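1. What would the 3D arrangement of this be:
(one chain, ligands or ions: 1)
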Amino acid sequence: MDIQEKVVIITGASEGIGLATARLFAQAGAKVVLAARSADTLQTIVNELHEHYREALAVPTDMRNKDAIEALVDRVFQQYGRIDMLINNAGQAVRGTVADVDIDQFRQIFELNVLGPVQAMQAVIPKMRQTGGGLIINVSSNVSHMHIPAIGAYAATKAALNMISDTAREELASANIRITTMFPRQTATNFGNNSLATQRTNQQGPRPRQGGPEPDRAEAVAQKILEAARHEPHEQYMDR
Ligand SMILES: NC(=O)c1ccc[n+]([C@@H]2O[C@H](COP(=O)([O-])OP(=O)(O)OC[C@H]3O[C@@H](n4cnc5c(N)ncnc54)[C@H](OP(=O)(O)O)[C@@H]3O)[C@@H](O)[C@H]2O)c1
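-> Prediction:
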């Protein structure tokens, strides 16, 4: 998709990969809509985008809340008359082995990482149908293809998101709604600190791997998301 002038909703845009993506897409000429819970932070970012680039809109949204997600999509459609792209990026991890992961925390991240994106898709799909199609980019993780002790619950949410993306791609092809799954690797953001800890093990979740490659920068992931938006592969990885 040529992203100039396109209306792009980015969830989890208050920091990390989502923020870097919002900045890059705005710079590339898109009308970006930033969604996350931190209203003040979003407004500060939007002011910055207005100053340097162009139109941008902050819509504080809890991506676990169906009514809030629908209100977000309605607001954007009302303002711009179209939604060209949805980037389902908001996400959180929990750390804990299968034996001890806190089930309430697992449920919370499942709601954010799986049901949130599905509800956002359900809200935008009718709007995209009305305007002839669109692109949905679901941000997964390379760990969805791996089995790493204490990361299983988080990886399972992303594996579920992969399956939703693959199925929706077939279901929506005739409506010209395209689906791309983005697979970031370990990225230098506050993701580890923002993860839910399992109280039973009192561990913080995903930690930098020792002796492994340097984590990617959020800006590098945003570049790959932009590449995915332009070329619309079914899957976008960092190393391709
Ligand atoms: N960092 C990595 O190593 C890595 C690797 C692979 C995949 N990923 C995936 O990439 C995506 C972005 O990760 P990141 O590293 O940028 O994480 P991050 O720095 O922790 O940022 C997470 C974003 O999600 C938002 N968020 C959290 N809960 C929310 C909720 N209930 N409703 C709406 N927004 C919510 C946060 O904003 P508020 O707190 O303001 O709501 C924030 O903007 C996630 O889906 C993550 O799973 C990350």
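2. just wondering, since we're on residue 226, how far is it from residue 29?
-> Per C-beta to C-beta, to the nearest Å, residue 226 is found 11 Å from residue 29. Yep, even glycine has a C-beta here, placed from its N, CA and C like the rest.
3. Spatially central residue in this structure, please.
-> residue 89 (0.7 Å; C-alpha atoms, centre = their mean).
4. And the next helix or strand past the top helix by length along the chain?
-> In the chain, assigned by DSSP state H, the helix with the most residues is helix 152-172. As assigned by DSSP states H and E, the chain's next helix or strand after helix 152-172 is strand 177-183.
5. so what's residue 16 closest to, chain neighbours aside?
-> What sits nearest to residue 16 in space, not counting adjacent residues and going by C-beta to C-beta, 6 or more residues apart in numbering, is residue 189, at 3.4 Å.
6. I'd like to know how many residues surround that neighbour.
-> Using other C-beta atoms under 10 Å, residue 189 has 20 other residues around it.
7. Check the offset of the helix or strand harbouring residue 121 from the chain's centre.
-> In this assignment (DSSP H and E), residue 121 forms part of helix 116-130. Between the centre of helix 116-130 and the centre of its chain there are 14 Å (C-alpha atoms, centre = their mean, to the nearest Å).
8. when you give positions from now on, start the count at 21
-> Got it, first residue is 21 now, which makes that one helix 136-150.
9. Rounded mean pLDDT for the helix or strand just after it, please.
-> Downstream of helix 136-150, the first helix or strand assigned by DSSP H and E is strand 154-159. Averaging pLDDT along strand 154-159 gives 99.
10. residues making contact with strand 154-159?
-> With contacts defined as C-beta atoms under 8 Å, 6 or more residues apart in numbering, strand 154-159 is touched by 21, 32, 37, 103-109, 111, 137, 141, 144, 147-148, 181, 184-185, 188, 196-202, 204, 245, 248-249, 252, 256.
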